[in-house]
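In: Build me a model:
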Amino acid sequence: MMEANILIVDDELVICKSCEKIFRRAGHSVMYATSGREALQILERESFDVVFTDLKMMDIGGMEVLQTIKQKHPDTVVVVITGYATISSAVETMRSGAFDYLPKPFTPGELLAVLERALDKRKIIKLSSEEYHYTNESGFEGLIGKSPKMQDVYKLIQKVAPTDCTVLIIGESGTGKDLTAKAIHNNSNRKNEKYFALDISTLSSTLLESELFGHVKGSFTGAHADKQGIFEFANHGTIFLDEIGNLPVETQARLLRLLQEKEFMPVGSTVMKKVDVRLIFATNQNLKQLVANGKFREDLYYRLNVFPIKLPPLRERKEDIPELVMHFLKKYSMKLGRSIPKTHPETIEALMNYHWPGNVRELEHAIERLIIMVEDNEIQPVHISAALFRTDAYVQSVIPKSSDELKLLKKQIREASVQELEKLFITEALIRNNWNISKAAREFNMQRSNFQALIRKYGISKPN
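Out: Model prediction:
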């Protein structure tokens with residue numbers, strides 16, 4: 001949890017003191033006011049990340065404090081705390097812009113849990129409203145994110161880049177394996193030499209050997225002249241071979257010799273050639289399982305797996321999504337010659353709630369579609385369904401010819417967007433609770449039967 005600047009507003013001093021103690025122990029800066037008027041005076045000279053305000057106070061009530069904050073300090077997140085908890089008061093405060101509603105009495109754990117959610121909201125609001133002055137703090141071009149898992153990746157790159165050690169990058173499709181390989185090369189002693197990347201899966205076994213090792217004239221039909229292979233072409237530089245798990249077994253022996261002896265023989269030749277290259281490999285497969293299945297040589301596996309770097313999928317570093325969104329918005333707005341659109345805070349939340357099976361690449365393509373799709377200067381939550389899910393409302397949509405057609409189209413898009421987000425909401429709750437339906441339902445104060453009905457409605461099932 002980030003360190004926060006918090007204001008507590010309550011006319012009961014004991015409540016203020018208790019909250020202050022809890023927050024300070026958690027490492028936060030805290031001020032308190034025992035009246036609404038005092039709170040508004042403090043807000044004139046101090047800025048806060050989160051304000052916890054009582055609803056019923058003697059002079060100025062929490063509702064007026066809330067409305068003033070929303071008007072003058074829109075980036076500040078407000079949580080209402082009160083001993084007069086009713087459904088109507090909760091609805092009213094939420095409509096007025098309160099982030100959450102915490103009835104008294106509450107435990108320290110409940111208070112800190114609300115704070116954590118409020119700070120997540122605060123981060124999204126700040127990213128949505130700030131100017132687009134993106135700076136790559138990782139030091140590696142294209143690699144974006146400040147999450148702990150990405151920090152671990154950066155540390156590994158920094159350690160291995162200056163060496164000539166063979167690297168194996170492991171990660172799902174779209175996690176940035178190519179960018180990681182380029183970062184290693186750019187920070188190595190070979191950075192001024194050639195860098196060559198090749199996706200193994202794009203070539204047939206016959207063509208692959210020719211591309212990698214080269215061939216001599218007449219070695220096979222169509223070999224009308226000698227051809228230099230990638231290893232010779234990139235001598236003294238770095239070669240990145242992606243999807244190494246797809247390397248044919250017959251080619252694996254040749255690659256193993258190159259790794260061990262730093263030499264190779266072109267196809268059809270009888271002469272060995274020496275080469276000095278740095279090799280980086282990547283895979284989205286379980287190489288150990290391929291070894292067990294007899295599809296990958298065990299000795300080659302151990303030669304590749306000298307220094308593994310595992311890239312986290314986007315669903316495991318969702319705190320990086322706002323920064324990635326801002327980066328791609330700027331990138332594609334400039335590319336398409338458009339002004340950078342604003343993003344509604346709920347738009348960022350919708351993107352963070354999606355599970356991103358295609359990882360960063362899928363997010364990038366979604367942002368590019370949004371830049372093309374959205375004609376206004378702000379991306380709204382309703383646009384997300386069309387960009388991510390290609391909803392029927394979007395596919396079938398045409399420019400409306402009347403106000404009735406416009407209303408109908410807006411309704412279709414709204415309904416499709418809500419349904420997709422509801423499905424994601426249920427799926428994410430199940431994943432967090434290890435697919436325990438009862439626990440997931442309790443987390444959101446829903447009856448198990450209602451939760452199950454939503455599961456059936458969207459055909460959600462636990463993956464194998």
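In: Pull the contacting residues for residue 333.
Out: 339-341, 371 (C-beta atoms under 8 Å, 6 or more residues apart in numbering). (Each C-beta comes from the backbone N, C-alpha and C, glycine too.)
In: give me phi/psi at it?
Out: Main-chain torsions, residue 333, degrees, to the nearest 10: phi -70, psi -40.
In: The stretch 351-464 of the chain: strands as residue ranges?
Out: 378-379 (DSSP state E, counting those that start in this stretch).
In: Tell me where it is predicted with low confidence.
Out: For the stretch 351-464 of the chain, applying pLDDT under 70 flags the ranges 385-386, 389-401, 405-406, 408-421, 463-464.
In: where along it do the helices fall?
Out: In the stretch 351-464 of the chain, the segments counted as helices under DSSP state H, counting those that start in this stretch are 359-373, 381-389, 392-395, 403-432, 437-443, 448-457.
In: likewise the stretch 151-300 of the chain?
Out: 177-186, 205-213, 230-233, 249-261, 287-292, 298-304.
In: before we move on, back to that, most neighbours among the contacts of residue 333, which one?
Out: Within the contacts of residue 333, most neighbours by other C-beta atoms under 10 Å means residue 371, with 21 neighbours.
In: any idea how far it is from residue 125?
Out: Going from residue 371 to residue 125 by C-beta to C-beta, to the nearest Å gives 22 Å.
In: do the same with residue 372
Out: In terms of C-beta to C-beta, residue 372 sits 26 Å off from residue 125.
In: again, but for residue 285
Out: Residue 285 is 40 Å from residue 125, by C-beta to C-beta.
In: In terms of packing, which of these two has more residues around it?
Out: Using other C-beta under 10 Å, the more surrounded residue of residue 285 and residue 125 is residue 125, with 20 against 14.
In: From residue 119, how far out is that one?
Out: Distance of residue 125 to residue 119, given as C-beta to C-beta: 10 Å.
In: This protein - how does it break down into domains?
Out: The record's domain parsing of the chain by automatic domain parsing lists 5-129, 148-310, 316-457.
In: Go through those domains and name the closest to residue 141.
Out: Checking those against residue 141 by C-beta to C-beta gives domain 148-310 as the closest, at 6.9 Å.
In: Share the number of residues neighbouring residue 74, please.
Out: 11.
In: Low-confidence regions, the stretch 1-150 of the chain specifically.
Out: For the stretch 1-150 of the chain (pLDDT under 70), the answer is 1-2, 84-95, 127-139.
In: let's see it at 80
Out: 1-2, 58-59, 61-62, 82-97, 123-139, 141 (pLDDT under 80).
In: And the spatially closest residue to residue 185 that is not a sequence neighbour, how close does it get to residue 173?
Out: Leaving aside its sequence neighbours, residue 185 sits nearest to residue 238 (C-beta to C-beta, 6 or more residues apart in numbering; 4.2 Å). Separation of residue 238 from residue 173 (C-beta to C-beta): 22 Å.
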